[in-house]
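**Q** what follows is a predicted structure for the sequence shown.
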Amino acid sequence: MSDVNPVRHGVLRASIREVEPGVLRAEYHGELNPENPDAREFPDTHLDTSADGVKVWVEQMALSLGYERVVWE
């Protein structure tokens, strides 16, 4: 039987900025394994037309990768 509620660890730090009128980009760095951060950190971004859209996408992605939460800077 699989664990329906996996243990979550780590914090993903992200920022949002407007890259052109009406287009926002979230920028963040994460580890492939947030329980054991190492040199496998990856930079990534997500574009959307609203701050809420960017935040929802990044927060859902972070949870699916095992992060506990996102801290917006």
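**A** Now that the structure is in, tell me what you want to look at. Residues are numbered from 1 along each chain as shown.

**Q** tally up the residues packed near residue 17, please.
**A** Neighbourhood size, residue 17 [other C-beta atoms under 10 Å]: 10. C-betas here are computed from N, CA, C, even on glycine.

**Q** which stretch of helix or strand covers the closest residue to it other than its chain neighbours?
**A** Of all residues not flanking residue 17 in the chain, residue 25 sits nearest, at 6.0 Å (C-beta to C-beta, 6 or more residues apart in numbering). Assigned by DSSP states H and E, residue 25 belongs to strand 23-31.

**Q** same check, this time on residue 60
**A** helix 51-64.

**Q** so that helix versus strand 23-31, what angle?
**A** Relative orientation of helix 51-64 versus strand 23-31 (axes from the mean of the first three to the mean of the last three C-alpha atoms, to 10 degrees): 20 degrees.

**Q** can you give me the buried ones in helix 51-64?
**A** Residues of helix 51-64 classed as buried under the neighbour-count rule (16 or more other C-beta atoms under 10 Å) are 54, 55, 58, 59, 61, 62.

**Q** the first one contacts residue 48, doesn't it?
**A** Yes. Assessed by C-beta atoms under 8 Å, residue 54 is found in contact with residue 48 at 4.4 Å.

**Q** joint contacts of the two?
**A** Jointly contacting residue 54 and residue 48 under the rule C-beta atoms under 8 Å, 6 or more residues apart in numbering are 24, 26.

**Q** any stretches of the chain with poor pLDDT?
**A** 1-9, 30-42 (pLDDT under 70).

**Q** switch to 50 and redo it
**A** 1-5 (pLDDT under 50).

**Q** need the contact list for the residue nearest to residue 17.
**A** 16, 17, 18, 19, 45, 46, 47, 54.

**Q** make it 10 Å
**A** 15, 16, 17, 18, 19, 45, 46, 47, 48, 54 (C-beta atoms under 10 Å, 6 or more residues apart in numbering).

**Q** now a ChimeraX select for only the buried ones of those.
**A** A single ChimeraX command selects the buried members of those (16+ other C-beta under 10 Å):
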select :16,46,48,54
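
**Q** distance to residue 29 and secondary structure added to the contacts of residue 25, as a markdown table?
**A** Formatted as a markdown table, the contacts of residue 25 follow (distance: C-beta to C-beta, whole Å; DSSP: H, G, I helix; E, B strand; the rest coil):
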| residue | distance to residue 29 | secondary structure |
| --- | --- | --- |
| 15 | 10 | strand |
| 16 | 14 | strand |
| 17 | 15 | strand |
| 18 | 20 | strand |
| 19 | 18 | strand |
| 45 | 10 | strand |
| 46 | 13 | strand |
| 47 | 17 | strand |
| 48 | 19 | strand |
| 54 | 16 | helix |
